[in-house]
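In: the sequence isn't on hand, but the structure is:
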(Lines give C-alpha, C1' and ligand atoms only; values in the text may rest on other atoms or scores of the structure.)
Protein backbone atom coordinates (compact mmCIF):
# COMPACT_ATOMS: atom_id res chain seq x y z
CA UNK A 1 0.00 0.00 0.00
CA UNK A 2 2.82 2.37 0.85
CA UNK A 3 4.55 1.53 -2.42
CA UNK A 4 1.34 2.20 -4.33
CA UNK A 5 0.94 5.62 -2.69
CA UNK A 6 4.58 6.46 -3.44
CA UNK A 7 4.14 5.41 -7.05
CA UNK A 8 0.98 7.51 -7.33
CA UNK A 9 2.73 10.53 -5.79
CA UNK A 10 5.74 10.22 -8.10
CA UNK A 11 3.58 9.80 -11.19
CA UNK A 12 1.52 12.84 -10.20
CA UNK A 13 4.60 15.02 -9.79
CA UNK A 14 6.01 13.94 -13.16
CA UNK A 15 2.67 14.55 -14.85
CA UNK A 16 2.37 18.00 -13.28
CA UNK A 17 5.88 18.90 -14.38
CA UNK A 18 5.09 17.82 -17.93
CA UNK A 19 1.83 19.79 -18.04
CA UNK A 20 3.46 22.97 -16.70
CA UNK A 21 5.84 22.97 -19.67
CA UNK A 22 2.97 23.24 -22.13
CA UNK A 23 0.27 25.79 -22.94
CA UNK A 24 -2.63 25.63 -20.52
CA UNK A 25 -6.20 26.60 -21.44
CA UNK A 26 -7.42 30.04 -20.46
CA UNK A 27 -10.97 28.84 -19.86
CA UNK A 28 -12.13 25.37 -18.85
CA UNK A 29 -15.69 24.14 -18.49
CA UNK A 30 -16.62 21.32 -16.12
CA UNK A 31 -19.74 19.16 -16.22
CA UNK A 32 -19.86 17.83 -12.68
CA UNK A 33 -21.45 14.44 -13.24
CA UNK A 34 -21.66 11.40 -10.99
CA UNK A 35 -22.76 12.71 -7.59
CA UNK A 36 -25.87 10.54 -7.42
CA UNK A 37 -24.05 7.45 -8.68
CA UNK A 38 -21.33 8.02 -6.08
CA UNK A 39 -23.95 8.18 -3.33
CA UNK A 40 -25.49 4.90 -4.48
CA UNK A 41 -22.12 3.16 -4.76
CA UNK A 42 -21.26 4.29 -1.24
CA UNK A 43 -24.58 2.97 0.04
CA UNK A 44 -25.81 6.36 1.26
CA UNK A 45 -29.52 6.40 2.01
CA UNK A 46 -29.68 10.08 1.11
CA UNK A 47 -28.61 11.03 -2.44
CA UNK A 48 -27.88 14.52 -1.12
CA UNK A 49 -24.73 13.13 0.49
CA UNK A 50 -23.32 12.65 -2.99
CA UNK A 51 -24.02 16.28 -3.87
CA UNK A 52 -22.39 17.41 -0.62
CA UNK A 53 -19.24 15.42 -1.41
CA UNK A 54 -19.26 16.89 -4.91
CA UNK A 55 -19.46 20.41 -3.47
CA UNK A 56 -16.30 19.76 -1.46
CA UNK A 57 -14.42 18.68 -4.60
CA UNK A 58 -14.76 22.15 -6.13
CA UNK A 59 -12.21 23.56 -3.68
CA UNK A 60 -9.57 21.14 -4.95
CA UNK A 61 -10.24 21.90 -8.59
CA UNK A 62 -10.06 25.66 -8.10
CA UNK A 63 -6.74 25.19 -6.32
CA UNK A 64 -5.40 23.07 -9.20
CA UNK A 65 -6.59 25.65 -11.74
CA UNK A 66 -4.75 28.42 -9.89
CA UNK A 67 -1.58 26.33 -9.72
CA UNK A 68 -1.61 25.91 -13.50
CA UNK A 69 -2.56 29.52 -14.27
CA UNK A 70 -6.04 28.76 -15.65
CA UNK A 71 -7.94 32.03 -15.49
CA UNK A 72 -11.58 31.05 -16.01
CA UNK A 73 -13.49 28.05 -14.67
CA UNK A 74 -17.12 27.40 -15.58
CA UNK A 75 -18.96 24.68 -13.67
CA UNK A 76 -22.46 23.31 -14.28
CA UNK A 77 -24.20 22.45 -11.03
CA UNK A 78 -27.92 22.47 -11.87
CA UNK A 79 -29.49 22.22 -15.31
CA UNK A 80 -32.89 23.36 -16.51
CA UNK A 81 -33.68 19.68 -17.09
CA UNK A 82 -32.89 18.89 -13.45
CA UNK A 83 -36.18 20.57 -12.54
CA UNK A 84 -37.92 17.39 -13.78
CA UNK A 85 -36.48 15.37 -10.90
CA UNK A 86 -38.28 14.54 -7.68
CA UNK A 87 -39.18 17.76 -5.82
CA UNK A 88 -37.56 16.61 -2.59
CA UNK A 89 -34.26 15.89 -4.36
CA UNK A 90 -34.37 19.22 -6.21
CA UNK A 91 -34.92 21.17 -3.00
CA UNK A 92 -32.08 19.31 -1.26
CA UNK A 93 -29.68 19.89 -4.18
CA UNK A 94 -30.52 23.60 -4.38
CA UNK A 95 -29.89 23.87 -0.65
CA UNK A 96 -26.44 22.31 -1.09
CA UNK A 97 -25.73 24.81 -3.87
CA UNK A 98 -26.92 27.69 -1.71
CA UNK A 99 -24.72 26.67 1.22
CA UNK A 100 -21.68 26.10 -1.02
CA UNK A 101 -22.10 29.45 -2.74
CA UNK A 102 -22.32 31.20 0.61
CA UNK A 103 -19.21 29.32 1.75
CA UNK A 104 -17.32 30.40 -1.36
CA UNK A 105 -17.78 34.08 -0.51
CA UNK A 106 -15.66 33.47 2.60
CA UNK A 107 -13.29 30.89 1.10
CA UNK A 108 -9.54 31.66 1.11
CA UNK A 109 -9.36 30.06 -2.34
CA UNK A 110 -11.72 32.72 -3.70
CA UNK A 111 -10.43 35.66 -1.68
CA UNK A 112 -6.71 35.00 -1.85
CA UNK A 113 -6.69 34.25 -5.57
CA UNK A 114 -9.14 36.94 -6.63
CA UNK A 115 -11.95 34.85 -8.12
CA UNK A 116 -14.90 36.84 -9.39
CA UNK A 117 -18.05 34.74 -9.03
CA UNK A 118 -20.65 34.94 -11.79
CA UNK A 119 -23.84 32.88 -11.93
CA UNK A 120 -25.22 31.84 -15.33
CA UNK A 121 -28.73 30.61 -16.00
CA UNK A 122 -32.42 31.31 -15.58
CA UNK A 123 -32.47 32.61 -12.04
CA UNK A 124 -36.25 33.06 -12.08
CA UNK A 125 -36.77 29.33 -11.50
CA UNK A 126 -34.64 29.37 -8.34
CA UNK A 127 -35.80 29.83 -4.72
CA UNK A 128 -35.64 33.33 -3.29
CA UNK A 129 -33.08 32.30 -0.66
CA UNK A 130 -30.71 31.04 -3.34
CA UNK A 131 -31.23 34.16 -5.44
CA UNK A 132 -30.24 36.28 -2.46
CA UNK A 133 -27.03 34.31 -1.94
CA UNK A 134 -26.25 34.59 -5.66
CA UNK A 135 -26.68 38.36 -5.52
CA UNK A 136 -24.47 38.56 -2.44
CA UNK A 137 -21.69 36.40 -3.90
CA UNK A 138 -21.57 38.37 -7.14
CA UNK A 139 -21.57 41.68 -5.31
CA UNK A 140 -18.83 40.70 -2.86
CA UNK A 141 -16.50 39.49 -5.62
CA UNK A 142 -17.34 41.93 -8.41
CA UNK A 143 -13.99 43.75 -8.17
CA UNK A 144 -11.80 40.64 -8.25
CA UNK A 145 -9.86 40.43 -11.50
CA UNK A 146 -7.39 37.52 -11.27
CA UNK A 147 -9.79 34.69 -12.04
CA UNK A 148 -13.44 34.09 -12.90
CA UNK A 149 -15.62 31.32 -11.52
CA UNK A 150 -18.81 30.93 -13.55
CA UNK A 151 -21.45 28.78 -11.87
CA UNK A 152 -24.25 27.57 -14.15
CA UNK A 153 -27.46 27.16 -12.13
CA UNK A 154 -30.84 26.62 -13.77
CA UNK A 155 -28.88 26.57 -17.01
CA UNK A 156 -29.77 25.03 -20.36
CA UNK A 157 -27.82 25.63 -23.55
CA UNK A 158 -30.84 25.65 -25.85
CA UNK A 159 -32.72 28.00 -23.55
CA UNK A 160 -29.71 30.33 -23.43
CA UNK A 161 -29.56 30.56 -27.23
CA UNK A 162 -33.31 31.15 -27.54
CA UNK A 163 -33.15 33.95 -24.95
CA UNK A 164 -30.13 35.51 -26.70
CA UNK A 165 -31.98 35.52 -30.03
CA UNK A 166 -35.03 37.13 -28.40
CA UNK A 167 -32.89 39.89 -26.89
CA UNK A 168 -31.10 40.47 -30.20
CA UNK A 169 -34.43 40.80 -32.01
CA UNK A 170 -35.70 43.36 -29.48
CA UNK A 171 -32.74 45.62 -30.26
CA UNK A 172 -33.31 45.62 -34.02
CA UNK A 173 -35.06 48.59 -35.56
CA UNK A 174 -36.39 47.25 -38.87
CA UNK A 175 -39.84 47.37 -40.44
CA UNK A 176 -40.22 43.90 -41.98
CA UNK A 177 -39.72 40.32 -40.86
CA UNK A 178 -37.43 39.70 -43.85
CA UNK A 179 -35.14 42.59 -42.88
CA UNK A 180 -35.16 41.40 -39.28
CA UNK A 181 -34.15 37.88 -40.29
CA UNK A 182 -31.40 39.17 -42.56
CA UNK A 183 -30.06 41.49 -39.87
CA UNK A 184 -29.38 38.84 -37.21
CA UNK A 185 -25.68 37.92 -36.98
CA UNK A 186 -23.61 35.58 -34.82
CA UNK A 187 -22.22 38.64 -33.03
CA UNK A 188 -25.77 39.71 -32.14
CA UNK A 189 -26.40 36.37 -30.44
CA UNK A 190 -22.97 36.14 -28.81
CA UNK A 191 -23.42 39.56 -27.24
CA UNK A 192 -26.53 38.35 -25.39
CA UNK A 193 -25.20 35.07 -24.03
CA UNK A 194 -24.65 34.64 -20.29
CA UNK A 195 -20.90 34.47 -20.98
CA UNK A 196 -20.73 37.71 -22.94
CA UNK A 197 -17.38 39.41 -22.45
CA UNK A 198 -15.28 36.35 -21.67
CA UNK A 199 -13.52 33.97 -24.07
CA UNK A 200 -15.18 30.69 -25.03
CA UNK A 201 -13.96 27.58 -23.20
CA UNK A 202 -10.80 26.03 -24.60
CA UNK A 203 -11.46 22.72 -22.89
CA UNK A 204 -14.59 21.06 -21.50
CA UNK A 205 -14.24 18.17 -19.05
CA UNK A 206 -17.08 15.83 -18.14
CA UNK A 207 -16.75 13.34 -15.32
CA UNK A 208 -18.50 9.97 -14.73
CA UNK A 209 -17.80 8.40 -18.14
CA UNK A 210 -20.77 9.94 -19.96
CA UNK A 211 -19.81 11.08 -23.47
CA UNK A 212 -22.15 13.96 -24.24
CA UNK A 213 -22.57 17.67 -23.51
CA UNK A 214 -26.23 17.48 -22.41
CA UNK A 215 -26.68 21.10 -23.47
CA UNK A 216 -23.69 22.65 -21.73
CA UNK A 217 -22.42 25.85 -23.42
CA UNK A 218 -23.72 24.71 -26.81
CA UNK A 219 -22.93 27.97 -28.61
CA UNK A 220 -19.67 28.67 -26.82
CA UNK A 221 -18.21 25.17 -27.30
CA UNK A 222 -18.16 25.25 -31.11
CA UNK A 223 -14.35 25.06 -31.13
CA UNK A 224 -13.71 23.68 -27.65
CA UNK A 225 -11.73 20.51 -27.03
CA UNK A 226 -13.48 17.80 -25.00
CA UNK A 227 -12.25 15.34 -22.41
CA UNK A 228 -14.43 12.63 -20.88
CA UNK A 229 -13.22 11.14 -17.63
CA UNK A 230 -14.39 7.88 -16.04
CA UNK A 231 -14.03 9.17 -12.46
CA UNK A 232 -17.19 10.25 -10.69
CA UNK A 233 -17.09 13.93 -9.73
CA UNK A 234 -16.70 13.48 -5.93
CA UNK A 235 -13.58 11.32 -6.48
CA UNK A 236 -12.11 13.33 -9.36
CA UNK A 237 -8.36 13.41 -8.68
CA UNK A 238 -5.60 15.85 -9.51
CA UNK A 239 -4.17 13.19 -11.79
CA UNK A 240 -7.47 13.10 -13.70
CA UNK A 241 -7.36 16.88 -14.02
CA UNK A 242 -3.76 16.88 -15.21
CA UNK A 243 -4.48 14.15 -17.75
CA UNK A 244 -7.27 16.28 -19.18
CA UNK A 245 -4.94 19.26 -19.54
CA UNK A 246 -2.23 17.07 -21.07
CA UNK A 247 -4.72 15.69 -23.58
CA UNK A 248 -5.65 19.25 -24.52
CA UNK A 249 -1.99 20.14 -24.98
CA UNK A 250 -1.46 17.24 -27.39
CA UNK A 251 -4.19 18.40 -29.76
CA UNK A 252 -3.88 20.74 -32.72
CA UNK A 253 -6.60 23.39 -32.57
CA UNK A 254 -7.64 24.67 -35.99
CA UNK A 255 -10.89 26.50 -35.10
CA UNK A 256 -12.62 25.16 -38.18
CA UNK A 257 -9.82 26.14 -40.57
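Out: Sure, I can see it. None of these values were measured; they are calculated from a predicted model. Numbering: from 1, shown residues only.
In: could you pull out the strands for the stretch 151-257 of the chain?
Out: Secondary structure of the stretch 151-257 of the chain by DSSP state E, counting those that start in this stretch: the strands cover 203-206, 225-228.
In: winner for burial among those?
Out: Most buried of the strands of the stretch 151-257 of the chain by mean neighbour count (mean count of other CB atoms under 10 Å) is strand 203-206; its value is a mean of 24. Glycine gets a C-beta too; all of them are placed from N, C-alpha and C.
In: and that strand, what does it pack against?
Out: Using 3 or more CB pairs under 8 Å, 6 or more residues apart in numbering; DSSP states H and E, the elements in contact with strand 203-206 are strand 27-31, strand 225-228, helix 238-249.
In: give the pairing partners of it; include direction for each.
Out: Note on strand 203-206: by DSSP bridges, its sheet partners are strand 27-31 (parallel), strand 225-228 (parallel).
In: which of the helices and strands packed on strand 203-206 sits most buried?
Out: Most buried of the helices and strands packed on strand 203-206, by mean neighbour count (mean count of other CB under 10 Å): strand 27-31, with a mean of 26.
In: any idea of the pLDDT on the closest residue to residue 200 other than its chain neighbours?
Out: Leaving aside its chain neighbours, residue 200 sits nearest to residue 220 (4.4 Å; criterion: CB to CB, 6 or more residues apart in numbering). As predicted, residue 220 sits at a pLDDT of 98.
In: ok, now residue 254?
Out: For residue 254, pLDDT reads 78.
In: and it, how close does it get to residue 77?
Out: Taking CB to CB, to the nearest Å as the criterion, residue 254 is separated from residue 77 by 32 Å.
In: what does residue 224 give?
Out: Between residue 224 and residue 77 the computed distance is 19 Å (CB to CB).
In: okay, the two: which has more neighbours?
Out: residue 77 (26 against 21; other CB atoms under 10 Å).
In: what is the burial count for residue 13?
Out: Close neighbours of residue 13, defined as other CB under 10 Å, add up to 10.
In: buried residues in the least confident helix or strand in the chain by mean pLDDT, which are they?
Out: Counting by mean pLDDT, DSSP states H and E, the weakest-scoring helix or strand in the chain turns out to be helix 2-20, with a mean of 87. Using 16 or more other CB atoms under 10 Å as the test for burial, helix 2-20 gives 15, 16, 19.
In: okay, and the residue most central in space within the chain sits in which element?
Out: Nearest to the geometric centre of the chain sits residue 75, at 1.5 Å (CA atoms, centre = their mean). Here residue 75 sits within strand 72-79, counting by DSSP states H and E.
In: now do the buried residues in the helix or strand following that strand.
Out: Once the chain leaves strand 72-79, the next helix or strand it forms, by DSSP H and E, is helix 87-104. Across helix 87-104, burial judged by 16+ other CB under 10 Å covers 92, 93, 94, 95, 96, 97, 98, 100, 101, 102, 103, 104.
In: what does stretch 232-239 give?
Out: Residues of stretch 232-239 classed as buried: 232, 233, 234, 236 (neighbour count, 16+ other CB under 10 Å).
In: got the buried residues of helix 2-20 as TSV, with distance to residue 47 columns?
Out: Formatted as TSV, the buried residues of helix 2-20 follow (distance: CB to CB, whole Å):
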residue	distance to residue 47
15	33
16	34
19	34
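In: ok, so of those residues, who is nearest residue 5?
Out: residue 15 (15.5 Å; CB to CB).
In: mind listing what residue 84 touches?
Out: Counting by CB atoms under 8 Å, 6 or more residues apart in numbering, residue 84 touches no other residue.
In: how far away is it from residue 90?
Out: Using CB to CB, we find residue 84 at a distance of 9 Å from residue 90.
In: thanks a lot, see you next time.
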